[in-house]
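>>> coords please:
(one chain, ligands or ions: 1)
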Amino acid sequence: MPLPSDEKLLALANDLLAQFDAIFGLHPGFRPAHAKGTMLTGTFVPTPSAANLSKAPHLVNASTPVTVRFSSSTGIPMIPDNDPNGEPRGLAVRFHLGERVHTDIVSHSTDGFPTHTGAEFLDFLRAIASSGPDAPHPNPVEQYVGSHPAALAFVQTPKPFPTSYAHESYFGVTAYHFANAAGETRFGRYRIIPVAGNEYVDAADVAGKGADYLFDELAGRIAAGPIVFRIEATLANEGDVVDDATIHWPATNPVVELGTLTLDAPVADNATEQKQIIFDPIPRVDGIEPSDDPLLELRAAIYLISGRRRRKA
Ligand code: HEM
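Predicted coordinates:
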């Protein structure tokens, strides 16, 4: 995964990292966002219809080994699982295509994002950082969401606590450009749906949940049997905006079932692996190209800079 040479993009990536550090504090060896996590391994098996969308190897081959990381939001490694700032939850999936060859999906449990660009996201984070309990109202973040409808919509989207990472849905949010073997192309967005169904904790019961209820539950669940998700792609129709994660497509858009993700074991040396693995929002595989969504190149740079820093810690 190469670091881009665009100086402006690198400067923005570094400013964003500095802002995460300022909000959450420095926790060497951990991610500045989605710090609390755990990893599992398993297999992805595509449906026959997946090859109609893309010729990417994992959508054509019989099966592909995967490693996934479930995470909670924020850069706080010990954030209690019943803290609302832990939403949205993350699910990053690595498809192992060969020796040092892989492609990833990075998704979270809210279908959307607060800003179109990284620069706007930096403004949003700066507003959050300067809106402490003593800031007079409307404080900077209230002012920000007051003048940015997409950020307001994201903040107001309900983010209930799942009963389990295995009972949550995850959304890729940004669009990709898929190409099949016949050269036909289509834009789509990933979503990852739990076969066991979505299930949420009653609001009244959240406070009574333990600080590690999600991670403890996941450890028990994977010891008892496999965890299964369906990976799907929602397709864009002609005229749908494909370069802006804040814009939703109509719910009536077609959905292609891409395959089944079956997780069956924890990663053995979990802490070391989490430190080592750097997920990449750019697919870098024949058959799936990034869209022009400005978040993609930027995030690829941020995750790489951050991951290198983490590995050195
Ligand atoms: C400007 C927009 C964004 C910024 C600045 C940002 C920033 C970050 C940073 C700094 C990390 C830690 C990376 C590392 O150290 O490996 C991270 C991880 C993560 N982000 Fe983002 N992010 C953005 C958008 C998104 C979006 C749109 C999604 C959901 C689709 C998302 C989901 C995740 C997940 C799941 C992880 C954890 C990945 C892992 O397990 O390694 N982020 N993000």
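
>>> show me where the stretch 201-313 of the chain has strands.
Ranges of strands in the stretch 201-313 of the chain, per DSSP state E, counting those that start in this stretch, are 227-235, 255-266, 288-290.

>>> mind listing what's buried in stretch 143-160?
For stretch 143-160, the neighbour count (16 or more other CB atoms under 10 Å) marks 144-145, 148, 150-151, 154, 159-160 as buried. Glycine gets a C-beta too; all of them are placed from N, C-alpha and C.

>>> Arg186 should be in a strand, yeah?
Yes - assigned with DSSP: H, G, I helix; E, B strand; the rest coil, Arg186 falls within a strand.

>>> Wait, it touches Leu235, no?
Yes - proximity of Arg186 to Leu235 meets the contact threshold set by CB atoms under 8 Å, at 5.5 Å.

>>> what touches both of these two?
Counting by CB atoms under 8 Å, 6 or more residues apart in numbering, the shared contacts of Arg186 and Leu235 are Leu53.

>>> Tell me the residues on the protein that lie near the ligand, please.
Within the chain, the positions near the ligand by CB under 6 Å from any ligand atom are 16-17, 20, 31-34, 37, 69, 71, 90, 92, 106-108, 113, 118, 121, 172-173, 245, 278-279, 295, 298-299, 302-303, 306-307, 310.

>>> now the helices: where do they sit in the chain?
Taking DSSP state H as the test, the helices found in the chain are 7-24, 50-53, 57-60, 118-129, 140-147, 149-156, 213-224, 270-276, 294-312.

>>> Would you tell me which of those helices gets closest to Arg284?
Closest to Arg284 of the helices of the chain is helix 294-312 (CB to CB; 9.0 Å).

>>> What mean pLDDT does the closest one get?
Here helix 294-312 scores 98 as its mean pLDDT.

>>> Neighbours of the residue in the chain that the ligand sits nearest to, how many?
Using CB to the nearest ligand atom, the closest approach of the chain to the ligand is made by Gly90 at 2.6 Å. Look at Gly90: counted by other CB atoms under 10 Å, it has 23 neighbours.

>>> which residues does it contact?
Applying CB under 8 Å, 6+ apart, the residues near Gly90 are 34, 37, 69-73, 106-109, 170.

>>> Filter those down to the buried ones, ChimeraX style.
Buried residues among the contacts of Gly90 (16+ other CB under 10 Å), as a ChimeraX selection:
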select :34,37,69,70,71,72,73,106,107,108,109,170
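
>>> Can you lay out the contacts of Gly90 as a markdown table showing pLDDT?
A markdown table is the format used below for these (pLDDT from 0 to 100):
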| residue | pLDDT |
| --- | --- |
| His34 | 98 |
| Gly37 | 98 |
| Arg69 | 98 |
| Phe70 | 99 |
| Ser71 | 98 |
| Ser72 | 98 |
| Ser73 | 98 |
| Val106 | 98 |
| Ser107 | 98 |
| His108 | 98 |
| Ser109 | 98 |
| Tyr170 | 99 |
